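> sequence first, then the predicted structure:
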Amino acid sequence: MVGTQVSARELFRAAYENRYTWTKGFPGYSADVTYTRNGEVFSGQIKVGADLKPEVTAITDEEAQKAIHGQLFEIAIHRVRRDFEDTHGKNTFAYGKTLEDGSVEILMGGKSEGDRYQLRNNEVSLVHRHIHGVVVTINTFSSHDTGEGYLSHRYDSVYHDPTTGEQKGGLSLFEDDYEKVGDYHILSRRHIVTQGDQPADEEFRFSNIKLLG
């Protein structure tokens, strides 16, 4: 059992610190954006500042602008480098089951009671956590190795009610591609296919990516 070699906390910390993040000196970037939703195309420009706040310009459609802004916010939030103790210092970690593919389940206690993760090859392959009154479950199927940490490539995401377990909205399938610009890996394409009662096919393409400053 892997637990006899290393603690659940140490194993989780290693995977946490193996994620690709931007350094504190990240200057921000600008790009052209093309957003396609169910065949309808919107084009404009975006900027993500050094403070990681996104801006979308030259797109007047409110829903399209909101969709692009939301994705830029998500991207930036996940690239912020946060110290492990700042994020997980109040959590406890315990081993759960080991899956057939070798993935190891980590059960959280303390501040994040009820959350669980799966780790495989020093990467987080499943996230199941309570956030903003819902439970989000993310399965990662493949990743990019940047040499400075990993970035998810293909994954899915679904939300459930934490009390009833009822699914909220459809299952979304993601595929992300990245481009190295200067010293930084920046999202160049995200394709999202959402299943369910309100199916959607969305693609965000970012081109002419330039670092600010």
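Perfect, thanks for sending it. Just so it is clear, the model here is predicted, and its values are computed rather than measured.

> how about residue 148, nearest residue that isn't a chain neighbour?
Spatial nearest neighbour of residue 148, chain neighbours left out: residue 20 (5.9 Å); criterion: Cβ to Cβ, 6 or more residues apart in numbering. In this view, the C-beta of every residue, glycine as well, is placed from N, C-alpha and C.

> pretty sure the one you found sits against residue 80.
No: contact criterion Cβ atoms under 8 Å: residue 20 and residue 80 do not qualify, at 11.5 Å.

> look at the two and report which has more neighbours.
Taking other Cβ atoms under 10 Å, residue 20 and residue 80 do not tie; residue 20 has more neighbours (20 against 11).

> look up phi and psi at the more buried one.
In terms of degrees, to the nearest 10, the main-chain angles of residue 20 are phi -80, psi 130.

> where does it land on pLDDT?
Looking at residue 20, its pLDDT stands at 98.

> kindly report the same for residue 1.
For residue 1, the predicted pLDDT is 43.

> again with residue 81
The model reports residue 81 with a pLDDT of 89.

> any idea how many residues pack against the nearest residue to it once chain neighbours are set aside?
Among residues not flanking residue 81 along the chain, residue 21 sits closest, at 4.0 Å (Cβ to Cβ, 6+ apart). Counted with other Cβ under 10 Å, the neighbours of residue 21 add up to 16.

> ok, now residue 76?
Residue 76: 19 surrounding residues under other Cβ under 10 Å.

> would you check that it makes contact with residue 46?
No: taking contacts as Cβ under 8 Å, residue 76 lies outside contact range of residue 46: 11.1 Å.

> quickly list what's touching both of the two.
Common contacts of residue 76 and residue 46 (Cβ atoms under 8 Å, 6 or more residues apart in numbering): residue 54.

> name the helices or strands packed onto the top strand by length along the chain?
Criterion DSSP state E: the longest strand present in the chain is strand 167-181. With contacts taken as 3 or more Cβ pairs under 8 Å, 6 or more residues apart in numbering; DSSP states H and E, strand 167-181 sits against strand 134-145, strand 150-160, strand 184-194, strand 200-211.

> can you show me the CA trace of the lengthiest helix in the chain as PDB?
Longest helix of the chain, by residue count under DSSP state H: helix 62-79. C-alpha atoms of helix 62-79 as PDB (Å, rounded to 0.1, in the frame of the first residue of the first chain):
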ATOM      1  CA  GLU A  62     -23.700  40.400 -23.800                       C
ATOM      2  CA  GLU A  63     -23.800  36.600 -23.600                       C
ATOM      3  CA  ALA A  64     -20.800  36.100 -25.700                       C
ATOM      4  CA  GLN A  65     -18.800  38.700 -23.800                       C
ATOM      5  CA  LYS A  66     -19.900  37.100 -20.500                       C
ATOM      6  CA  ALA A  67     -18.800  33.600 -21.700                       C
ATOM      7  CA  ILE A  68     -15.400  34.800 -22.800                       C
ATOM      8  CA  HIS A  69     -14.900  36.800 -19.600                       C
ATOM      9  CA  GLY A  70     -15.900  33.800 -17.500                       C
ATOM     10  CA  GLN A  71     -13.400  31.500 -19.200                       C
ATOM     11  CA  LEU A  72     -10.500  34.000 -18.900                       C
ATOM     12  CA  PHE A  73     -11.300  34.400 -15.200                       C
ATOM     13  CA  GLU A  74     -11.300  30.600 -14.700                       C
ATOM     14  CA  ILE A  75      -8.000  30.300 -16.600                       C
ATOM     15  CA  ALA A  76      -6.300  33.000 -14.600                       C
ATOM     16  CA  ILE A  77      -7.500  31.700 -11.200                       C
ATOM     17  CA  HIS A  78      -6.000  28.200 -11.900                       C
ATOM     18  CA  ARG A  79      -2.700  29.700 -12.900                       C
END
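
> all good on my end, thank you.
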